[in-house]
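S.K.: structure for the following, please:
(one chain, ligands or ions: 2)
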Amino acid sequence: MTSVRDLTYRLLRRHGITAVFGNPGSNELPFLSEFPSDFRYYLALHEGVAVAMADGYAQATGRPALINLHSAAGTGNGMGALANAFNSHSPLVVLAGQQTRAMSGIEPLLTNLDATVLPRPLVKWSQEPATARDVPLAINRALHMASLPPSGPVFLSVPYDDWAAEVDPRSEGLIERQVRSVASLDAASLDVLVKRLSEAENPVLVLGADVDACKANGLAVQLAEKLGAPVWIAPSVGRCPFPTSHPCFRGPLAAGIASLSAALAGHDLIVVFGAPVFRYHQYEEGNFLPDNAKLVAIVADPQEAARAPIGDAYVGDVRAVLEALAEQVPRTGRPLPTPLPRPMRVAEVSDGHDMLTSEIVFDIVDEIAPADAIYVNEAPSVTSSLWERLRLEHQGSYYFASAGGLGFGMPAALGVQIASPSRRVIAIIGDGSANYSITALWTAAQYQIPVVFLIMKNRSYGALRWFAKVLKVDNVPGLDVPGIDFVALAKGYGVHAAHADTRDRLKQAMLTALASNAPMLIEVPTMLEAPPANGSTTST
Ligand code: TZD
Ligand code: CA
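M.R.: Residues are numbered from 1 along each chain as shown. Ligands and ions are numbered 1, 2, ... in the order given. Here you go, the predicted structure:
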C-alpha cells in the first residue's frame with residue numbers, strides 16, 4: 001500500500017523540493033517520521049525564522065519552498081514573516097499539523113480552530129482537506145498554486161492521522177501533472193506598447209523586485225540602452241532589478257507621493273515593470289505623477305494592476321514582455337543619461353567622527369566583499385547609503401523585507417545562502433531588527449551556513465526616530481535599544497563573532513569572515529544617522 005505520507009514526499013521531489021524549514025510539534029511528528037534521506041530538515045527555533053528562511057530560499061531559487069509549522073501557535077508565530085512573503089510573491093507552501101481526526105469534534109489541546117481562516121489574508125489559498133484521501137490532491141494543488149502567477153504563499157492544515165492513511169490509487173496521476181501559466185501579451189497590445197515607448201519624448205523606466213525575480217535584469221538593461229532612458233528603482237523595493245553602476249541607474253525612488261512625483265518630473269512616459277504603483281510609505285500630499293506624464297505598468301499580479309490609483313496596466317509575464325520590448329523597440333539614438341557621480345569615499349574626506357558611519361562601513365564592505373556578493377538588508381535607517389555605496393551588479397544581489405516586517409533579514413540571509421552556495425551572503429542588520437529573529441544564529445551555526453552578519457549598532461530604532469520627525473511627534477517612548485551585546489549573543493548560539501569599532505578592525509573582521517566557511521557576526525558601533533530628506537528609507 002502507498003501511504004499519504006509516501007505519495008506526498010514523491011510529489012515534493014517531483015516539484016524539486018527536498019528542503020523542509022520548520023519547527024515541529026506533536027501534530028507534525030507523523031509527517032516527519034522516517035524522514036527520507038534525500039531530504040534536509042532545517043530546524044528553526046522560532047517559526048518567524050522558519051518562514052523568513054524559506055522566503056529567502058524560495059526567492060533565490062525561484063521555486064516553491066516547504067515550511068512545516070505547528071498548529072495554530074506555530075502558524076501565528078510565522079505570520080509576520082508571511083506578510084513579507086505575500087508582498088514579495090514568494091512561492092511558499094506552509095504545511096501545518098492539525099490534531100487527529102479521531103478527536104476533531106472535542107477540540108483537544110493543540111487543535112487549530114478554523115485553520116484555513118487563520119493565515120488569511122496573507123496566503124493566496126488555504127485548505128484543510130475534508131478526508132485523508134484528499135490530502136495528496138491538496139498537496140498537489142498547494143504546490144501549483146504557490147508557483148502560478150502571481151506566485152505567493154499558500155497554507156495547508158493536515159490532521160496528523162492522515163499521513164498513515166492509504167492513498168486513493170488514482171492519486172498516482174498527480175505525479176505526472178504539469179501546470180504552466182502561458183499568459184503573455186498579445187501582438188496587438190505589444191504593438192501599442194512598442195509605439196508608446198518609441199514615440200515618447202523622454203521616457204523613464206521604473207523597475208520592481210519582480211524583474212529580478214524573473215531574472216530579467218539583463219533585458220531591462222537592453223531596453224534602457226535602446227531608449228537611452230534613465231532607470232529608477234520602485235520605492236520600498238525588495239530586490240535589486242538593475243545593475244547599480246550602469247549609467248542609466250538613478251537609485252530607488254522615495255516612498256512619498258510628492259517626492260516620487262518630483263523625481264520623475266519632465267518625463268512624458270513612465271513605464272513600470274514588476275512593481276506595484278507604488279508602494280508608498282510616509283504620506284505626502286501631492287499629485288501621483290508629474291504634470292503631463294502618462295504611466296503604464298506591466299505586472300504579474302492582477303491586484304497590483306487593479307488597485308493602482310493612476311496609469312494603465314497590463315497583467316502578464318514580466319519577463320516575456322521585457323524580452324519582446326527589448327527586441328522590438330527601435331533604437332532611439334538618444335544618448336545614455338550621464339552616470340550618477342560615485343559618492344566620495346569617506347576615507348578621502350575628514351569625517352571628524354570617532355565612531356563609524358554607515359558610509360564608512362559600506363565603503364569597506366564594497367571594497368572587500370566579492371563582486372557577486374549578495375546583500376540582505378534590514379538596517380532601515382541606512383538603506384539609502386547602502387544603495388549609494390554597494391555595487392549590486394549581478395542578478396539576485398539584494399533582498400529586503402517586502403512588507404517592511406522586521407525579523408526577515410537574518411533568516412532570509414540563511415535561506416538565500418543555502419540556495420546560492422557559490423556566492424557569499426552578507427546580512428546588514430540593525431541592532432533593533434536583529435532581535436526579532438536572533439535565533440537564526442543558532443540555525444546558522446548548526447548547519448554551518450556561512451553568512452556574514454554585520455550588526456549596525458546605533459543603539460536605537462533609528463528609522464523610527466526619523467519617522468517621528470516626519471510626523472512631527474515628540475517624546476515618543478520605546479525608541480532606543482541600549483545594552484545589547486551581540487558578540488556575547490552570537491557566542492551563546494555558537495557563532496564566531498567580533499566587535500569592530502575602527503576601520504582597520506572592520507576590515508580585518510570582514511577578511512576573517514570571508515576567508516572562513518562558517519557564519520560570523522561582526523558588531524559595528526555606528527553613528528545614529530537620519531536618512532536623507534527625500535526619505536528613501538523603506539520600512540517603518
Ligand atoms: N515590528 C516589526 C515586526 N516590523 C516593523 N517594521 C516594526 C516593528 C517597526 N520598525 C520599523 O519599521 S523600523 C524599526 C522598527 C521598530 C527600527 C529598526 O531599528 P534597527 O535599524 O536598529 O534595526 P535602524 O537603522 O536603527 O532604524
Ligand atoms: Ca538601530
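
S.K.: every contact and neighbour count from this point should use C-alpha atoms.
M.R.: OK.

S.K.: the residue of the stretch 251-400 of the chain found nearest ligand 1 and Lys457, how far apart?
M.R.: Ligand 1 sits closest to Ser381 of the stretch 251-400 of the chain, with a gap of 3.6 Å, by CA to the nearest ligand atom. When distances are taken as CA to CA, to the nearest Å, Ser381 and Lys457 turn out to be 11 Å apart.

S.K.: likewise for Ala403?
M.R.: Distance of Ala403 to Lys457, computed by CA to CA: 23 Å.

S.K.: mind listing what Val49 touches?
M.R.: With contact set as CA atoms under 8 Å, 6 or more residues apart in numbering, Val49 has these partners: 78, 81, 407-408, 411-412, 437, 439-440.

S.K.: can you show me the strands along the stretch 51-200 of the chain?
M.R.: Shown for the stretch 51-200 of the chain, the strands assigned by DSSP state E, counting those that start in this stretch span residues 65-70, 92-98, 125-127, 154-159.

S.K.: in the stretch 351-500 of the chain, what residue spans correspond to helices?
M.R.: In chain order, the stretch 351-500 of the chain shows helices spanning 358-368, 383-389, 409-419, 440-446, 462-470, 486-493, with DSSP state H, counting those that start in this stretch as the criterion.

S.K.: most neighbours per residue, which of those helices?
M.R.: The highest average neighbour count among the helices of the stretch 351-500 of the chain, using mean count of other CA atoms under 10 Å, belongs to helix 409-419 at a mean of 29.

S.K.: mean neighbour count added to the strands of the stretch 51-200 of the chain, as a markdown table?
M.R.: Listed next are these as a markdown table, based on neighbours: other CA atoms under 10 Å:
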| stretch | mean neighbour count |
| --- | --- |
| strand 65-70 | 28 |
| strand 92-98 | 28 |
| strand 125-127 | 21 |
| strand 154-159 | 27 |
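
S.K.: let me have those strands in CSV, adding mean pLDDT as columns.
M.R.: CSV is the format used below for those (pLDDT from 0 to 100):
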stretch, mean pLDDT
strand 65-70, 98
strand 92-98, 98
strand 125-127, 98
strand 154-159, 98
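
S.K.: quick one: which of the ones you listed is nearest Arg465?
M.R.: With CA to CA as the measure, strand 92-98 is the member of those nearest Arg465 (33.9 Å).

S.K.: not counting sequence-adjacent ones, nearest residue to Asp212?
M.R.: The shortest distance from Asp212 to any residue other than its chain neighbours is 4.6 Å, reached at Pro241 (CA to CA, 6 or more residues apart in numbering).

S.K.: what is the neighbour count of that neighbour?
M.R.: Other residues lying near Pro241 total 35 when counted by other CA atoms under 10 Å.

S.K.: now do it, the pLDDT please.
M.R.: Note for Pro241: predicted pLDDT of 98.

S.K.: what does Ser536 give?
M.R.: pLDDT, Ser536: 48.

S.K.: for Ala347, same thing?
M.R.: We have a pLDDT of 59 for Ala347.

S.K.: equivalent analysis for Pro531, please.
M.R.: The score at Pro531 is 61. That number is its pLDDT.

S.K.: Ser381 and Lys457: which is more packed in?
M.R.: Applying other CA under 10 Å to Ser381 and Lys457 shows that Ser381 carries more neighbours, namely 30 against 24.

S.K.: which one is that one nearest to, not counting chain neighbours?
M.R.: Nearest non-adjacent residue to Ser381, counting by CA to CA, 6+ apart: Ala463, 4.6 Å away.

S.K.: then Arg63?
M.R.: Here the nearest residue to Arg63 in space, its sequence neighbours aside, is Pro91; by CA to CA, 6+ apart that works out to 6.7 Å.

S.K.: what about the one you found, distance to ligand 2?
M.R.: If you measure Pro91 against ligand 2 using CA to the ion, to the nearest Å, the figure is 30 Å.

S.K.: report the contact partners of that residue.
M.R.: If you count contacts by CA under 8 Å, 6+ apart, Pro91 has them with 55, 58-59, 62-65, 85, 146-147, 151-154.

S.K.: walk me through the domains of the protein.
M.R.: 4-174, 187-328, 358-525 (automatic domain parsing).

S.K.: need the longest helix for this protein.
M.R.: Within the chain, and with DSSP state H defining each element, the longest helix by residue count is helix 71-87.

S.K.: what's across from the closest residue to Asp312 other than its chain neighbours in the sheet?
M.R.: Take Asp312 and drop its neighbours on the chain: the residue closest to it by CA to CA, 6+ apart is Val296, 4.6 Å away. Taking DSSP bridges as the rule, Val296 bridges to Val271, Asp312.

S.K.: state the pLDDT value of Gly352.
M.R.: You'll see Gly352 listed with a pLDDT of 60.

S.K.: so the helix or strand bottoming out on mean pLDDT in the chain, near ligand 1 or not?
M.R.: Of all helical and strand segments in the chain, the minimum by mean pLDDT, DSSP states H and E falls on helix 462-470, at a mean of 93. Yes - using CA under 6 Å from any ligand atom, helix 462-470 reaches ligand 1 at 462-464.

S.K.: output that helix as CSV, nothing but the C-alphas.
M.R.: Taking Å, rounded to 0.1, in the frame of the first residue of the first chain, the C-alpha atoms of helix 462-470 are listed here in CSV:
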residue,chain,number,x,y,z
GLY,A,462,16.9,54.9,14.1
ALA,A,463,14.3,54.8,11.4
LEU,A,464,11.5,55.4,13.9
ARG,A,465,13.4,58.4,15.3
TRP,A,466,13.5,59.8,11.7
PHE,A,467,9.8,58.9,11.2
ALA,A,468,8.9,60.7,14.5
LYS,A,469,10.4,63.9,12.9
VAL,A,470,8.4,63.3,9.6
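
S.K.: for that helix, which helices and strands make contact with it?
M.R.: In terms of contacts (3 or more CA pairs under 8 Å, 6 or more residues apart in numbering; DSSP states H and E), helix 462-470 is packed against no helix or strand at all.

S.K.: any weak-confidence spans in the stretch 251-400 of the chain?
M.R.: Of all residues in the stretch 251-400 of the chain, those with pLDDT under 70 make up the ranges 347-353.

S.K.: residue of it closest to ligand 2, please.
M.R.: Distance from ligand 2 to each residue of the stretch 251-400 of the chain (CA to the ion) is smallest for Ala379, at 6.9 Å.

S.K.: per-residue pLDDT, the closest residue in space to that residue that isn't next to it in sequence?
M.R.: The spatial neighbour of Ala379 that comes closest, neighbours along the chain excluded (CA to CA, 6+ apart), is Gly430 at 4.2 Å. In this model, Gly430 is scored at 98, pLDDT.

S.K.: does Val154 touch Trp125 like I think?
M.R.: Yes - using CA atoms under 8 Å, Val154 makes contact with Trp125 at a distance of 5.0 Å.

S.K.: joint contacts of those two?
M.R.: By CA under 8 Å, 6+ apart, the residues touching both Val154 and Trp125 are 142, 145.

S.K.: with distance to ligand 1 as extra columns, can I get the strands of the stretch 51-200 of the chain in CSV?
M.R.: Written out in CSV, the entries for the strands of the stretch 51-200 of the chain read as follows (distance: least, CA to the nearest ligand atom, whole Å):
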stretch, distance to ligand 1
strand 65-70, 19
strand 92-98, 19
strand 125-127, 23
strand 154-159, 21
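
S.K.: for the residue in the stretch 1-150 of the chain positioned nearest to ligand 1, grab the count of nearby residues.
M.R.: The nearest approach of the stretch 1-150 of the chain to ligand 1 comes at Gly80, 6.3 Å away (CA to the nearest ligand atom). Close neighbours of Gly80, defined as other CA under 10 Å, add up to 21.

S.K.: in JSON lines, list the residues of helix 462-470 next to ligand 1 along with distance to Asp354.
M.R.: Compiled in JSON lines, those are given as follows (distance: CA to CA, whole Å):
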{"residue": "Gly462", "distance to Asp354": "19"}
{"residue": "Ala463", "distance to Asp354": "22"}
{"residue": "Leu464", "distance to Asp354": "24"}
